[in-house]
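**Q** This is a predicted model, with the sequence first.
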Amino acid sequence: MSTLLEKHIVELLKESNDKAISLLYEHYGDTLYGVAFKVVRNEELAQDVVQESFIKIWNKSHTYDASKAKLFTWLFRITRNTAIDKLRSIGNKSDREIQMDVSDVYNLGVEGIQPELMDMRKQLDKIEPKYQIVLEALFFEGMTQQEASEELDIPLGTVKSRLKIGLRELKKIYGAASFVLFYLSQGL
Amino acid sequence: MKEKIHNFLESDLLEKYLIGETTLEERHRVERYIAMYPEIREAYRELEDNLETFARLYARKAPEGLKNRITLSIRNQQAGRKRFIRYAIAASIAMLFFATSSVFFWNQNQHLQQENAMVTDQIRVLEADMKEQLEDVRNQFIVLNNPGTRKYMVNGNKKAQELKAIAYVNPIKKLSYINVRNLPQLPEDQCYQMWAEVNGSMVNLGILKDIQDKDKLMALPYGEKAVGYITIEPKGGNIAPSVQNIVANIKY
């Protein structure tokens, strides 16, 4: 189900109105930057990724089909793929570096973090690292549960149950996130 | 069917599809399942929400200036595209202009070439004509001017008493000419035709049209003991002379 804000942005995109980019950046910029950073692990590269992703989003806006995906899902796919391509293009990165590392969750700098981001960070801290790893494997790595079980050396049954709990924890955060989104859309 | 849905949900395909990791074939399969089964549709929606919530947990404050960089590059791209479109339109118009003018000039060239070939042909024909006429005039001069030339007066027989002609024959130069001075009027469906019997064979010398130029000399094929005839023939001429219609003969 798309929000009013999403619909508005999509309409602007279809009209090739560059206000869409501004709105997209306002509402998804930090999240997409976070996604890019999660993959490339480098601020400069992450900025390049976000810039390239926005250009792709702008150029491919006619291909977006709201019946097939939420706007965020589409933005996420583009950003994640651009980040992976960026890593491949610089070439000298090993697979190991692309892998997620749980310690990274705690390596975030505090400076420049917006209050709402701080809030999100606190929310993330509510999810235990062992669930975060499984969720990351699922959402960022694109691993199957079987692959996650092998990669993380955890029995498949454990992966499944951790995922379940992780998703349940995540659902608890929904309320807060929805509120933030609602708040942002009201600010339009 | 429940098992099918369960197996599908267990396969992780939906999760892979969510983040865009599926192959084209898998993608089509997932989209088909989402469209067909409400449970899968529901699971997918839930995953989409989960993804957004989870990704937002990793949000990082993007550095100042990134937004400007992005909007600037998109504006530049747009301006470039507009410029490109303008250039493309201008180039298309120029191409169209050149193509049209090329076709025009090519046609013109073809036309001129044809005209040129025609004019050359005409000149060649004229040249040949002139040469022939000049040769004729030269021969006429030789015949008329040569002391060895004999002059024969030709008169029509009773069928054409008014027919008057003068034949000039030069046995040395082997040239003979006839000057038809007067031809009696004939009915519309008849004409005079001239023949020459040279070395035993009959040569058709053509129809004598109304004599416009009384001084015109007409060449006769030369032959020893040749005989020229003028006959009356049906309009348009005949392939062989009608002996009974001979109006004059010229022995030369």
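**A** Yes, it's here.
**Q** Helix or strand: which one has B:Glu224?
**A** Using DSSP states H and E, B:Glu224 sits within no helix or strand.
**Q** repeat for B:Asn107
**A** Under the criterion of DSSP H and E, B:Asn107 resides in helix B:66-145.
**Q** Strand partners (parallel or antiparallel) of the helix or strand just after that helix?
**A** Scanning forward in sequence from helix B:66-145, with DSSP H and E defining helices and strands, the next element found is strand B:150-155. Next to strand B:150-155 in the sheet, as set by DSSP bridges, lie strand B:164-170 (antiparallel).
**Q** could you check the angle strand B:150-155 makes with the next helix or strand after the partner strand?
**A** Secondary structure here is assigned by DSSP H and E; on that basis, the next helix or strand after strand B:164-170 toward the C-terminus is strand B:175-182. Using axes from the mean of the first three to the mean of the last three C-alpha atoms, to 10 degrees, the inter-axis angle of strand B:175-182 relative to strand B:150-155 is 30 degrees.
**Q** tell me which residues in strand B:175-182 are buried?
**A** Buried positions in strand B:175-182, judged by neighbour count with 16 or more other C-beta atoms under 10 Å in any protein chain shown: B:175-181. Backbone N, C-alpha and C define where each C-beta goes, glycine included.
**Q** what's the answer for stretch A:160-172, then?
**A** Within stretch A:160-172, the residues that qualify as buried are A:160, A:162-163, A:165-167, A:169-170, counting by 16+ other C-beta under 10 Å.
**Q** Filter those residues to keep only those in contact with chain B.
**A** Taking C-beta under 8 Å from any C-beta of the partner chain, the overlap between those and the neighbourhood of chain B is A:167, A:170.
**Q** For the buried residues of stretch A:160-172, could you give me a markdown table that also reports pLDDT?
**A** Output for those, formatted as a markdown table (pLDDT from 0 to 100):
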| residue | pLDDT |
| --- | --- |
| A:Lys160 | 87 |
| A:Arg162 | 90 |
| A:Leu163 | 85 |
| A:Ile165 | 88 |
| A:Gly166 | 86 |
| A:Leu167 | 83 |
| A:Glu169 | 82 |
| A:Leu170 | 79 |
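**Q** and the buried residues of stretch A:160-172 as TSV, adding distance to B:Tyr17?
**A** What follows is those, written out as TSV (distance: C-beta to C-beta, whole Å):
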residue	distance to B:Tyr17
A:Lys160	19
A:Arg162	22
A:Leu163	17
A:Ile165	23
A:Gly166	19
A:Leu167	17
A:Glu169	23
A:Leu170	19
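**Q** circling back: now do the helix holding B:Asn107 against strand B:175-182, angle only.
**A** Counting by the same axes, to 10 degrees, helix B:66-145 lies at 90 degrees to strand B:175-182.
**Q** Any stretches of the chain with poor pLDDT?
**A** Here I'm looking at chain A. Scanning chain A with the threshold set as pLDDT under 70 gives A:1-2, A:92-121, A:174-188.
**Q** My question was about chain B, not that one.
**A** Within chain B, the ranges that satisfy pLDDT under 70 run B:210-213, B:252.
**Q** and it, which of its residues are near chain A?
**A** B:11-12, B:15-16, B:18-21, B:31, B:45, B:48-63, B:66-67, B:69-71, B:73-75, B:77-78.
**Q** Mind checking which of these are in helices?
**A** Residues from the residues of chain B next to chain A lying in helices, with DSSP state H as the criterion: B:15-16, B:18, B:31, B:45, B:48-57, B:66-67, B:69-71, B:73-75, B:77-78.
**Q** Buried among the residues of chain B next to chain A? Make that a PyMOL selection.
**A** With 16+ other C-beta under 10 Å as the burial test, the buried ones among those are selected in PyMOL as follows:
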select buried, chain B and resi 11+12+15+16+18+19+20+21+31+48+49+50+51+52+53+54+55+56+57+58+59+60+61+62+66+67+70+71+73+74
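**Q** close enough to count as contact, B:Arg56 and A:Leu32?
**A** No: under the criterion of C-beta atoms under 8 Å, B:Arg56 is not in contact with A:Leu32, lying 10.2 Å apart.
**Q** Which other helices and strands does the helix holding B:Asn107 contact?
**A** The criterion is 3 or more C-beta pairs under 8 Å, 6 or more residues apart in numbering or on different chains; DSSP states H and E, and the helices and strands that helix B:66-145 contacts are helix A:19-40, helix A:43-59, strand B:164-170, strand B:175-182.
**Q** Looking at the ones you listed, which one is packed in the most?
**A** helix A:19-40 (a mean of 22; mean count of other C-beta atoms under 10 Å in any protein chain shown).
**Q** CA atoms only for it, dumped as CSV, please.
**A** Below are the C-alpha coordinates for helix A:19-40, written out as CSV (Å, rounded to 0.1, in the frame of the first residue of the first chain):
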residue,chain,number,x,y,z
LYS,A,19,11.0,18.2,-7.7
ALA,A,20,10.6,14.5,-7.4
ILE,A,21,14.3,14.1,-6.9
SER,A,22,14.3,16.7,-4.2
LEU,A,23,11.4,14.9,-2.4
LEU,A,24,13.0,11.5,-2.9
TYR,A,25,16.2,12.8,-1.4
GLU,A,26,14.4,14.4,1.6
HIS,A,27,12.6,11.2,2.4
TYR,A,28,14.8,8.4,1.3
GLY,A,29,18.2,10.0,0.9
ASP,A,30,19.6,9.0,4.3
THR,A,31,18.2,5.5,4.2
LEU,A,32,19.6,4.9,0.7
TYR,A,33,22.9,6.4,1.7
GLY,A,34,22.9,3.9,4.6
VAL,A,35,22.1,1.0,2.3
ALA,A,36,24.9,2.1,-0.1
PHE,A,37,27.3,2.4,2.8
LYS,A,38,26.3,-1.0,4.2
VAL,A,39,27.5,-2.5,0.9
VAL,A,40,30.6,-0.4,-0.1
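**Q** Against which helices or strands is that helix packed?
**A** Contacting helix A:19-40 under the criterion 3+ C-beta pairs under 8 Å, 6+ apart are the following elements: helix A:4-14, helix A:43-59, helix A:71-90, helix A:156-186, helix B:38-57, helix B:66-145.
**Q** mind putting the ones you listed in a markdown table, distance to B:Asp215 included?
**A** Converted to a markdown table, those look like this (distance: least, C-beta to C-beta, whole Å):
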| stretch | distance to B:Asp215 |
| --- | --- |
| helix A:4-14 | 97 |
| helix A:43-59 | 95 |
| helix A:71-90 | 103 |
| helix A:156-186 | 115 |
| helix B:38-57 | 114 |
| helix B:66-145 | 10 |
